[in-house]
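Participant: sequence plus the predicted model coming up.
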Amino acid sequence: MVSDKYDCAYYGKWHLGDELVAQHGFDDWISIEDGIYRPYYSEPEQLELRSSYHHFLVKSGFPTDKVLKDGAALYSRPYAAAMGENFTKAAFLGKEASRFLRERKDNDRPFLLSVNMLEPHPPFHGPLNDRYEPEAMPVGEAYLVPPGEDAPKKKRMCFERIQREKQRLPLDTEWDWRRVRANYYGLVTQVDRTLGCILDALEESGLADNTVVVFTSDHGEMLGDHALLGKGSFYEESARIPLMIRVPWLSREQTMLETPVSQIDLVPTLLDLLGQPIQDHLQGVSRLGVLKGEEDMSDNHIIIEWNAPDKMGIEGRTVVTADGYKLSLYQDDISELYDLNTDPCELENVYRNPEHQGRIKEMSELIFAWQKETEDKMVLSN
């Protein structure tokens, strides 16, 4: 196992249960979340624990702002987000990660460090709210354009969730939407600054030329596009995410892949880079050949899934092909096909266009083949 040969550290949001305790081969654990994940703790005694970030705020002299029904005194997300920049979750993780890396300077043992920031994330405010002017925010063709009658009915119902968000965010005017977008940009800048601190520490450790760096995200954000907020849809703003990989010993030149890439390939690729065996149970394939420039992905396609029938979003399955088409199939709902080459904002659903029926059949078969391979039981309308 990699964890037998590497020092493995996990810093930040876990979101997979037991938020506060080291697990899954990670010995060094720094946590930042408390209240929202308490219902998912596997052991009652964990309810007495508090995150590393909680203890940092206590030591820094900040009083807690929230008391739960069980008497637990905590820091709420809105309260923490309103902290000065040096006391935000992003800055806290940046300092801890930088310390970890500087301590590696005289340590010959290889390491794996995973840093997972909450920002940018609701409650969509932070110390850099005033950095960007709402009026200057760039917007696209889909901005505040609600899904039309050719969109799935559940997607059109998502606006009801936005109405509930008004309990925390004013979204009555275009300026309100732009204010949220400007705040979000401020949160992104927080992450950029934190990443800069971490990369500086990596350079100072003397290990930058021998370390793989991966930067990515778990989802995007609608921010008013298609008149939606949050995630939970297959629109590009929600499903398309950043992915950057730096492998100094392979190349010093930047290469942009134009074809779709899935995060499911990250683990096999990283194991390949580390010279570790790729276990048969892992989904995805190594893309080391692509990183070396020996292979291309001109025929690659990716599958996206979402499972949350009664909460956020719409259950369905999507395939994006290398030639720029995107097909989404749902349970008992209208299907969608978008040509991302000519319609990158996904404003025209061409699923019912007769000229695309052959393409739809081929793309549907890609989804069904993936379902069979992964034993996915969802019944999709087509």
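Facilitator: That came through, no problem. For clarity, every value in this text was computed on a predicted model and none was experimentally measured.
Participant: how far does stretch 28-42 stretch from one end to the other?
Facilitator: 20 Å (C-alpha to C-alpha, to the nearest Å).
Participant: pLDDT averaged over stretch 176-189 - what is it?
Facilitator: Per-residue pLDDT values across stretch 176-189 average out to 96.
Participant: over to stretch 329-338?
Facilitator: The model assigns stretch 329-338 a mean pLDDT of 92.
Participant: can you list contacts of it?
Facilitator: Stretch 329-338 has contacts (C-beta atoms under 8 Å, 6 or more residues apart in numbering) with 150-154, 234, 314-318, 325-328, 346, 348-351, 353, 356, 359-360, 363-364, 367, 378-382. In this view, the C-beta of every residue, glycine as well, is placed from N, C-alpha and C.
Participant: from these, which land in helices?
Facilitator: Using DSSP state H, 153-154, 359-360, 363-364, 367 are the members of those that sit in helices.
Participant: which members of the contacts of stretch 329-338 are classed as buried?
Facilitator: Among the contacts of stretch 329-338, those that count as buried by neighbour count (16 or more other C-beta atoms under 10 Å) are 151-152, 154, 234, 314-318, 325-328, 346, 349-351, 356, 359-360, 363-364, 367, 380.
Participant: spatially central, which residue of this protein would that be?
Facilitator: Asp218 (1.4 Å; C-alpha atoms, centre = their mean).
Participant: for that residue, what are its contacts?
Facilitator: Per C-beta under 8 Å, 6+ apart, neighbours of Asp218: Ile241.
Participant: could you dump the ones in helices among the contacts of stretch 329-338 to CSV with pLDDT and distance to Asp176?
Facilitator: Below are the ones in helices among the contacts of stretch 329-338 laid out as CSV (pLDDT from 0 to 100; distance: C-beta to C-beta, whole Å):
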residue, pLDDT, distance to Asp176
Lys153, 79, 26
Lys154, 75, 25
Arg359, 98, 40
Ile360, 98, 38
Met363, 98, 38
Ser364, 98, 40
Ile367, 98, 38
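Participant: isn't Val115 right up against Leu93?
Facilitator: Yes: counting by C-beta atoms under 8 Å, Val115 does reach Leu93; the two are 5.6 Å apart.
Participant: of these two, who's got more company?
Facilitator: Shown here are Val115 and Leu93; by other C-beta atoms under 10 Å, Leu93 has more neighbours (26 against 21).
Participant: what comes up buried for the host helix or strand of the more buried one?
Facilitator: For Leu93, the element it lies in under DSSP states H and E is helix 89-102. By neighbour count on 16+ other C-beta under 10 Å, the buried set for helix 89-102 is 89-98, 100-101.
Participant: what does it contact?
Facilitator: The list of residues contacting helix 89-102 from outside it, by C-beta under 8 Å, 6+ apart, reads 9, 11-12, 28, 30, 32, 52-53, 56, 80, 85, 111, 113, 115-119, 190-191, 193-195, 197-198, 200-202, 204-205, 207.
Participant: restricted to buried residues, select those residues in ChimeraX.
Facilitator: Of the contacts of helix 89-102, the buried ones go into a single ChimeraX selection, burial set by 16+ other C-beta under 10 Å:
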select :9,11,12,30,32,52,53,56,80,111,113,115,117,118,119,190,191,194,195,197,198,201,202,205,207
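Participant: inside helices: which ones of the contacts of helix 89-102?
Facilitator: Applying DSSP H to those, the entries found in helices are 52-53, 56, 80, 190-191, 193-195, 197-198, 200-202, 204-205.
Participant: and Arg168, what pLDDT?
Facilitator: At Arg168, pLDDT is 64.
Participant: scratch that, His219 is what I was asking about
Facilitator: So, for His219, pLDDT stands at 94.
Participant: do the same with Ser381
Facilitator: The model's pLDDT for Ser381 equals 82.
Participant: cool, Cys158 as well?
Facilitator: 72.
Participant: any idea how far the nearest residue to it once chain neighbours are set aside is from Leu171?
Facilitator: Nearest residue to Cys158 in three dimensions, chain neighbours excluded: Leu228, at 5.7 Å (C-beta to C-beta, 6 or more residues apart in numbering). Distance of Leu228 to Leu171, computed by C-beta to C-beta, to the nearest Å: 11 Å.
Participant: again, but for Tyr330
Facilitator: 26 Å.
Participant: on that earlier part again, mutual contacts of Val115 and Leu93, please.
Facilitator: 11-12.
Participant: hang on, isn't Gly289 packed against Glu295?
Facilitator: Yes: using C-beta under 8 Å, Gly289 makes contact with Glu295 at a distance of 3.6 Å.
Participant: dump stretch 180-189 to CSV, restricted to CA.
Facilitator: C-alpha atoms of stretch 180-189 as CSV (Å, rounded to 0.1, in the frame of the first residue of the first chain):
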residue,chain,number,x,y,z
VAL,A,180,-23.2,36.9,-5.1
ARG,A,181,-20.9,36.4,-8.1
ALA,A,182,-18.5,39.1,-7.0
ASN,A,183,-18.4,37.6,-3.5
TYR,A,184,-17.7,34.2,-5.1
TYR,A,185,-14.8,35.7,-7.0
GLY,A,186,-13.4,37.0,-3.7
LEU,A,187,-13.6,33.5,-2.3
VAL,A,188,-11.7,32.2,-5.4
THR,A,189,-9.0,34.7,-4.7
